[in-house]
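# Return a 3D structure for these sequence lines:
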Amino acid sequence: MATIRQRASGFWQAIVERKGHPIQSRTFPTKTEAKEWAAEVESSMRRGVFQSISDAERTTLHDLIEDFKTEFAPHHYRTRADEKEAWRFQLARLDEVLGDYSLAALDQKIVAGYRDKRLKGSKDRPAVAETTVRKEIYMLSKVLDFAQNEKSIVLPRGNPVDRIRKPAESKGRERRLSADEWLAFEKECKASRNPWLWPAVQLAVETAMRQGELLTLTWSQIDRKNRLAMLDDPEKIKNGEPRAVPLSPAALAVLDALPRSVSGLVLPVRRMTLYSVFSAACARAGIENLTFHDLRHEALSRLAERGDFNVLELAAVSGHKTLQMLKRYTHLQATKLADKLARAPG
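This next block holds a predicted model:
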């Protein structure tokens with residue numbers, strides 16, 4: 001039986017006590033609202049479908065984000081001392097705009113409003129790309145899933161991100177240098193005062209390894225006999241899955257020419273230092289819109305263009321978790337296949 005009482009403030013408090021359930025209480029402006037709520041709670045308890053949303057009402061998104069950063073992130077995101085961490089920036093933007101909302105108040109309309117505001121921009125912040133907003137929205141979804149799965153907080157509307165339109169996913173970058181651009185770029189990389197720039201570029205193109213993987217690669221991971229680079233530390237791999245990267249003769253030649261650093265690193269250069277000298281070489285060569293990550297695309301494109309690597313083999317080299325990410329290289333393979341079909345039999 002519910003208890004309805006008026007408080008000194010003039011508001012009405014409903015208290016529901018039922019065996020097997022924690023005590024539920026809520027305060028309302030009128031007695032009628034208090035009685036209706038109590039009746040609804042009692043009914044759902046009798047039917048065995050009651051779920052308390054009091055934790056969702058008491059917890060703000062800011063509170064949840066703070067818990068996420070200390071309880072979830074350390075086990076799922078790598079901490080890098082020399083670079084900005086995208087997930088922290090995503091959480092900061094969500095906290096800035098939505099942090100004051102309780103989890104019970106967050107609904108599709110509020111989340112869609114956040115999406116639209118970020119895409120259109122405001123006086124305080126300029127508009128950002130759809131890809132950026134998409135990542136922020138999915139980070140919000142991950143945080144809310146953390147609330148439900150790890151903290152057992154019942155969201156009255158479920159995860160609102162599931163029912164809103166997501167910004168379009170960006171197409172993969174297709175930047176590749178022309179033959180003339182490569183000659184100019186190579187010249188400036190070799191002319192750099194940083195001796196690690198050109199070897200880093202060569203290894204990126206020959207192995208399709210990510211920049212972070214190259215910069216944490218140690219000599220102990222090089223299996224010269226079997227011509228492999230053993231990426232065996234999950235903490236240093238983007239998707240956390242160890243793999244063996246085959247080393248081409250050109251890659252082995254680069255490695256053989258490198259001096260051994262006392263640090264044990266194959267390329268003892270900091271990420272931001274590499275970024276600076278890479279950008280400077282591009283500027284001197286008159287090359288625009290090229291990133292170090294584009295070298296990975298160049299490497300995979302070259303392998304696809306050979307025509308003798310299938311998609312599974314490309315994935316084994318690149319370390320992609322899903323084949324979906326490699327679909328853009330299939331047209332390069334198809335071109336080679338078309339050339340084979342055009343050849344006269346015999």
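
# Tell me the backbone dihedrals of the closest residue to A257 other than its chain neighbours, please.
In this structure, A257 finds its nearest non-sequential neighbour in P199, 7.6 Å apart by CB to CB, 6 or more residues apart in numbering. Every residue, glycine included, has its C-beta placed from N, CA and C. For P199, the backbone dihedrals (degrees, to the nearest 10) come out as phi -60, psi -40.

# and P199, how many neighbours?
18 (other CB atoms under 10 Å).

# Mind pulling up the pLDDT for it?
pLDDT, P199: 97.

# thought it was touching P259?
No - using CB atoms under 8 Å, P199 is not in contact with P259; the gap is 10.1 Å.

# residues in contact with the residue nearest to A257?
Going by CB atoms under 8 Å, 6 or more residues apart in numbering, P199 touches 254, 257-258, 267.

# ditto for L144
By CB under 8 Å, 6+ apart, the neighbours of L144 are 64, 103, 106, 155, 159-161.

# how about a cut-off of 7 Å?
Residues near L144 by CB atoms under 7 Å, 6 or more residues apart in numbering: 155, 159, 161.

# host element of it?
helix 130-149 (DSSP states H and E).

# Tell me which other helices or strands the following helix or strand past that helix touches.
Note on helix 130-149: by DSSP H and E, the next helix or strand toward the C-terminus is helix 179-191. Judged by 3 or more CB pairs under 7 Å, 6 or more residues apart in numbering; DSSP states H and E, helix 179-191 is in contact with helix 197-207, helix 271-285.

# Mind putting these into a markdown table with distance to A38?
Below are the helices and strands packed on helix 179-191 laid out as a markdown table (distance: least, CB to CB, whole Å):
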| stretch | distance to A38 |
| --- | --- |
| helix 197-207 | 66 |
| helix 271-285 | 59 |
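
# Which one of the contacts of L144 sits in the busiest neighbourhood?
Counting by other CB under 10 Å, top hit in the contacts of L144: V161 with 21 neighbours.

# Identify the residues contacting that one.
111, 137, 140-141, 144.

# and it, how far is that from G10?
39 Å (CB to CB, to the nearest Å).

# what bits of this structure have low per-residue confidence?
49-52, 78-84, 170-172, 234-241, 321-325, 327-341, 344-346 (pLDDT under 70).

# okay, now the domains of it?
3-50, 57-163, 179-342 (automatic domain parsing).

# so which of the ones you listed gets nearest E169?
Judged by CB to CB, the one of these that comes nearest to E169 is domain 57-163, at 6.2 Å.

# now that closest one, how far from the centre of its chain.
Relative to the chain's own centre, domain 57-163 is displaced by 13 Å; criterion: CA atoms, centre = their mean, to the nearest Å.

# So which elements touch the host helix or strand of E40?
Take DSSP H and E as the rule and E40 turns out to sit in helix 31-46. Here helix 31-46 is seen to pack against strand 3-6, strand 12-16, strand 24-28 when contacts are counted using 3+ CB pairs under 7 Å, 6+ apart.

# Can you list the strands that the second one pairs with?
Take DSSP bridges as the rule and strand 12-16 pairs in its sheet with strand 3-6 (antiparallel), strand 24-28 (antiparallel).

# Export those strands to JSON lines and append columns for distance to E71.
As requested, these are exported to JSON lines (distance: least, CB to CB, whole Å):
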{"stretch": "strand 3-6", "distance to E71": "36"}
{"stretch": "strand 24-28", "distance to E71": "27"}
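
# out of the ones you listed, deepest packed?
When neighbours are counted by mean count of other CB atoms under 10 Å, the highest per-stretch mean among the strands paired with strand 12-16 falls to strand 24-28, a mean of 17.

# Need the residues that contact that one.
Strand 24-28 is contacted by residues 7, 11-16, 34, 37, 41, 52 when judged by CB under 7 Å, 6+ apart.

# That strand to helix 31-46, inter-axis angle?
Orientation check (axes from the mean of the first three to the mean of the last three CA atoms, to 10 degrees): strand 24-28 against helix 31-46 gives 160 degrees.
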